[in-house]
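Undergrad: Need a 3D model of the sequence below.
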Amino acid sequence: MKKLNPYVYLFSIGHFSVDWAQGAIPALLPYFISSCHLNYQDAATLIFANMLLSSISQPIFGYYSDKISKPWFIPLGPVLCGLCITILGFTDNYWLIFLCSMFSGFGSSIYHPEAARMVNKISGSLKGQAMGSFSVGGNAGFAIGPMVAGFCAYVFHSYGLIIFGIVNVCIALLLYHHIPNVLQQIQQVDTEEIKQHIHTGEENDWKSFGKLTVVIFVRSIGFTICNAFIPIYWIHVLHASPSQGSLALSILFSMGVVITFIGGLLSDRFGFLKVMRGSMCLMVPAMFLFVNSTNIWLSTLLLLPVAFSLFAAYSPIVILGQTFLSKNIGLASGVTLGLSTTIGGLCSPLVGWAADQWGISMALQVLWISAVFGAIFAFLTPIPKAWKTQRSK
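TA: The predicted structure follows:
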């Protein structure tokens, strides 16, 4: 039985460090609404700020990581994310909060493409399991980040957000120490492929990648809007406390940790396309019932199918993207990992504006409407040509 390369878990820890910082920001929105007297649109704009630089820079970093690898980006990302969240605990200035949210997202965009490219290289034939394990770190971060941030803001004191800086610097040092060994392994893999005349892909399939991109955007909208509005929805629609809102977000991402890993295993066993299509089909009824529920217990139960629809497709989307753009794995990683969280962030101010105009429940109807398009394009996405070639040999 093949074993997963242990360095995949190292990159998973790094993924945790950048994404628990991203998960902290939505959990802090009710705190900022209260302390800075913000409306829904202003609060949602902080999510937009978090995604702004990231959405632009992540594909660019991915493209250049294919040309010129920058391994030092990997420890730099966690440091930048951690320091930005730490600063949030020491200010009530809206524009400084805006800048910290923006550069925290930038730190995430630095980490994802280079780390995902390295995971792809060292994973061998266990790509689904490797990407699932890598993604587990990120989802664990999104699960734990809101709990820690909520505890700091509502129970302890916002100065406690310094814990994000301390933990991330320690993880960055760990990554910096081990990266030379990872680079040696990647060099050995590249050398072996040259000796055996193995080619990872003859051409980039941009047409198929374009269809997959629609699925990526739909998942992004579901992921980010849930991330931003679940605490607010819990407080203002379900009449729960702020701590219960943070807990709901943590429940979603805690389930996401397990489901992401399961999604990777199922993809290796049954196929990446089948898992992605099943997830997108489930998203339509799951989101419809979720955004139309006004009962806190029913809403909590519905977090399970919502989580499955959002997280089971994560690994298949990344692997399919890397396969369609096999000559530009870094770029594919930047789009699939980066835009999978940023496009929804760019939509957050619009959803916030709609919530101010017509109410949160009405604004969140976009979740199941967009899911319909995701399901359609999941079935339009074809089997990668590289896989057809392998089967014919």
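Undergrad: mean confidence for the longest helix along the chain?
TA: Looking across the chain with DSSP state H, the single longest helix is helix 162-195. Confidence for helix 162-195, expressed as mean pLDDT, is 86.
Undergrad: any idea how far whichever helix or strand comes after it is from the chain center?
TA: For helix 162-195, the succeeding helix or strand toward the C-terminus, using DSSP states H and E, is helix 206-236. On the basis of CA atoms, centre = their mean, to the nearest Å, helix 206-236 sits 10 Å off its chain's mean C-alpha point.
Undergrad: quick one: buried residues of helix 206-236?
TA: 208-209, 211-236 (16 or more other CB atoms under 10 Å). Quick note: C-beta positions are derived from backbone N, CA and C, even for glycine.
Undergrad: Remind me what the helix or strand that it is followed by packs against, helices and strands.
TA: Next in sequence after helix 206-236, counting helices and strands by DSSP H and E, comes helix 242-270. Packed against helix 242-270 by the contact rule (3 or more CB pairs under 8 Å, 6 or more residues apart in numbering; DSSP states H and E) you find helix 7-35, helix 127-150, helix 206-236, helix 272-291, helix 296-311, helix 314-324.
Undergrad: in the first one, what counts as buried?
TA: Of the residues in helix 7-35, those buried by neighbour count under the rule 16+ other CB under 10 Å are 7-8, 10-33.
Undergrad: where in the stretch 101-250 of the chain is pLDDT low?
TA: Within the stretch 101-250 of the chain, the ranges that satisfy pLDDT under 70 run 190, 192-202.
Undergrad: give the contact list for residue 33.
TA: Taking CB atoms under 8 Å, 6 or more residues apart in numbering, we find residue 33 in contact with 39-40, 43, 232.
Undergrad: if we take the residues you listed, which one ends up nearest to residue 311?
TA: residue 232 (21.3 Å; CB to CB).
Undergrad: contacting residues around that closest one?
TA: Contacts of residue 232 (CB under 8 Å, 6+ apart): 29-30, 33, 40, 43, 245, 355, 360.
Undergrad: Out of the residues you listed, which is nearest to residue 110?
TA: Each of those was checked against residue 110 using CB to CB; the closest is residue 29, at 24.1 Å.
Undergrad: Look up how far residue 263 lies from the closest residue to that closest one other than its chain neighbours.
TA: Using CB to CB, 6 or more residues apart in numbering and skipping residues adjacent in sequence, the residue nearest residue 29 is residue 43, 4.6 Å away. Distance from residue 43 to residue 263, counting by CB to CB, to the nearest Å: 31 Å.
Undergrad: Quick check: mean pLDDT of stretch 22-33?
TA: 84.
Undergrad: going forward, begin numbering at 5 instead of 1
TA: OK, 5 is where the count begins now, so the last one is stretch 26-37.
Undergrad: Report the backbone C-alpha coordinates of that stretch in PDB.
TA: Output in PDB follows, covering the C-alpha atoms of stretch 26-37 (Å, rounded to 0.1, in the frame of the first residue of the first chain):
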ATOM      1  CA  GLN A  26      -8.800  34.300   6.600                       C
ATOM      2  CA  GLY A  27     -11.500  32.500   8.700                       C
ATOM      3  CA  ALA A  28     -11.000  35.000  11.500                       C
ATOM      4  CA  ILE A  29     -12.200  38.000   9.400                       C
ATOM      5  CA  PRO A  30     -15.800  37.000   8.800                       C
ATOM      6  CA  ALA A  31     -16.100  36.000  12.500                       C
ATOM      7  CA  LEU A  32     -15.000  39.500  13.500                       C
ATOM      8  CA  LEU A  33     -17.600  41.200  11.200                       C
ATOM      9  CA  PRO A  34     -20.300  41.400  14.000                       C
ATOM     10  CA  TYR A  35     -17.600  42.900  16.300                       C
ATOM     11  CA  PHE A  36     -16.600  45.500  13.700                       C
ATOM     12  CA  ILE A  37     -20.300  46.300  13.000                       C
END
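Undergrad: How far away from the center of its chain is stretch 82-92?
TA: 18 Å.
Undergrad: go on, stretch 27-39?
TA: 19 Å.
Undergrad: swap in stretch 363-373?
TA: Counting by CA atoms, centre = their mean, stretch 363-373 is centred 21 Å from the centre of its parent chain.
Undergrad: And for stretch 76-90?
TA: The chain centre lies 16 Å from the centre of stretch 76-90; the measure is CA atoms, centre = their mean.
Undergrad: For it, which residues meet the burial criterion?
TA: By neighbour count on 16+ other CB under 10 Å, the buried set for stretch 76-90 is 77-90.
Undergrad: Can you dump the C-alpha atoms of it in CSV for me?
TA: Backbone C-alpha positions of stretch 76-90 (Å, rounded to 0.1, in the frame of the first residue of the first chain) are rendered in CSV as follows:
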residue,chain,number,x,y,z
TRP,A,76,10.5,31.6,0.0
PHE,A,77,6.9,32.7,-0.8
ILE,A,78,5.7,29.7,1.2
PRO,A,79,6.9,30.9,4.6
LEU,A,80,6.3,34.6,3.7
GLY,A,81,2.5,34.0,3.3
PRO,A,82,1.8,32.8,6.9
VAL,A,83,3.9,35.6,8.4
LEU,A,84,2.0,38.3,6.5
CYS,A,85,-1.4,36.8,7.3
GLY,A,86,-0.6,36.4,11.0
LEU,A,87,0.7,39.9,11.4
CYS,A,88,-2.3,41.5,9.7
ILE,A,89,-4.8,39.7,12.0
THR,A,90,-2.7,40.7,15.0
